[in-house]
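Chemist: task: produce atomic coordinates for the following.
(one chain, ligands or ions: 2)
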Amino acid sequence: MRPFIFVNLAMSADGKISTVQRRQVKISGKKDFERVDIIKADSDAIIVGIGTVLADNPSLTVKSSELKSKRIKNGKEENPIRVVIDSKARTPADSDILHKGDGQRIIAVSKKAEQEKIELLNEYADIVVTGEDKVDLSALMEALYEYGVRKIMVEGGGSLIESLFKENLVDEIYTCVGNVIIGGKNAPTPADGEGFLKEEDFPNLKLLDIEKIDEGILIRWKVVRD
Ligand SMILES: NC(=O)c1ccc[n+]([C@@H]2O[C@H](COP(=O)([O-])OP(=O)(O)OC[C@H]3O[C@@H](n4cnc5c(N)ncnc54)[C@H](O)[C@@H]3O)[C@@H](O)[C@H]2O)c1
Ligand SMILES: Nc1nc(=O)c(N)c(NC[C@H](O)[C@H](O)[C@H](O)COP(=O)(O)O)[nH]1
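Modeler: Numbering: from 1, shown residues only. Ligands and ions are numbered 1, 2, ... in the order given. You can find the predicted model right below:
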């Protein structure tokens, strides 16, 4: 068994999720950021890849005080569990994700991670070791389910999203198409990595709904399984 997993991302009108320098850029408008806060607050865990942590230094905290007030655990406002997919334990010890806001952190590493780096990060996060070279995403999701996690929001980035699709671990994907052009042949896209080579392997999506949001659109799909 595994949790329900949805991907939420913002993509420029030309299909990029950040610049070629991988600098974090605002693609969402005000309303979409508010929407993201709501779905974040409604998730048990939020997952990002190490590439996103190194590029954006996100805290992944719930921003709205009203939403936070509904997430009280042991008398404290708890954020969703923040999970970093980080094979070699490269998460910087001073990352916002480890220090901003209350709530559990989990860093999933592979067997390639150095013990010394694991011990350092274990000061701030629970460490899960799974996978030989890369993190074994299926095993991690099963472990999170055993731990009581039922709904996971994946924030990105492109390599992680592609892997999750490859492992058939995505149930829904929500894409906010923002009113900016980023350009750049090698700028990151929503699903990077090696990609799918054969049409019959393309994940098939059923359109749930589409709505205007800010000066862009929000498209919500469900992954269709045969
Ligand atoms: N616009 C958005 O909504 C949004 C959201 C998040 C990130 N981003 C952007 O995405 C970029 C980061 O994406 P990225 O592709 O460089 O990194 P990523 O965040 O997708 O992390 C991928 C890394 O995770 C590690 N990893 C370990 N096990 C893995 C596995 N099984 N599968 C895949 N990765 C595994 C590897 O080191 C891999 O390089 C940044 O530029 C960031 O700004 C944009
Ligand atoms: N929804 C969304 N719209 C964007 O325009 C954009 N650039 C991101 N990018 C995701 C980024 O990697 C971080 O998840 C957020 O920036 C949250 O970071 P904080 O929790 O506020 O520190 N995400």
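Chemist: surely Gly131 is in a helix?
Modeler: No - Gly131 sits outside any helix when classified using DSSP: H, G, I helix; E, B strand; the rest coil, being coil.
Chemist: and for it, the neighbour number?
Modeler: 20 (other Cβ atoms under 10 Å). Glycine gets a C-beta too; all of them are placed from N, C-alpha and C.
Chemist: likewise for Val48?
Modeler: So Val48, with other Cβ under 10 Å, has 23 neighbours.
Chemist: these two touch, right, it and Ile85?
Modeler: Yes - with contacts counted by Cβ atoms under 8 Å, Val48 reaches Ile85, the gap being 7.2 Å.
Chemist: got the residues of this structure near ligand 1?
Modeler: Selection of the chain residues close to ligand 1 by Cβ under 6 Å from any ligand atom yields 9-10, 17-18, 22, 24, 27, 48-52, 55-56, 85, 87, 134-135, 137, 155-160, 163, 188, 192.
Chemist: please indicate which of those are buried?
Modeler: 9-10, 17-18, 22, 27, 48-52, 55-56, 85, 87, 135, 137, 155-160, 163, 188, 192 (16 or more other Cβ atoms under 10 Å).
Chemist: and those residues, which of them are in strands?
Modeler: Leu9, Ala10, Val48, Gly49, Ile85, Glu155, Gly156 (DSSP state E).
Chemist: the fifth one against Leu137, yeah?
Modeler: Translated: Ile85. Yes - with contact defined as Cβ under 8 Å, Ile85 counts as touching Leu137 (7.3 Å).
Chemist: list the contacts of the nearest residue to Val84 once chain neighbours are set aside.
Modeler: Sequence neighbours aside, Ile107 is the residue nearest to Val84 in space, at 4.9 Å (criterion: Cβ to Cβ, 6 or more residues apart in numbering). Ile107 sits next to Val83, Val84, Asp86, Ala89, Thr91, Leu121, Ala125, Asp126, Ile127, Val128 when contact means Cβ atoms under 8 Å, 6 or more residues apart in numbering.
Chemist: just the pLDDT at the residue lying farthest from the centre of the chain, thanks.
Modeler: Farthest-out residue of the chain from its mean C-alpha position, per Cα atoms, centre = their mean: Gly75, at 27.1 Å. On the pLDDT scale, Gly75 is placed at 86.
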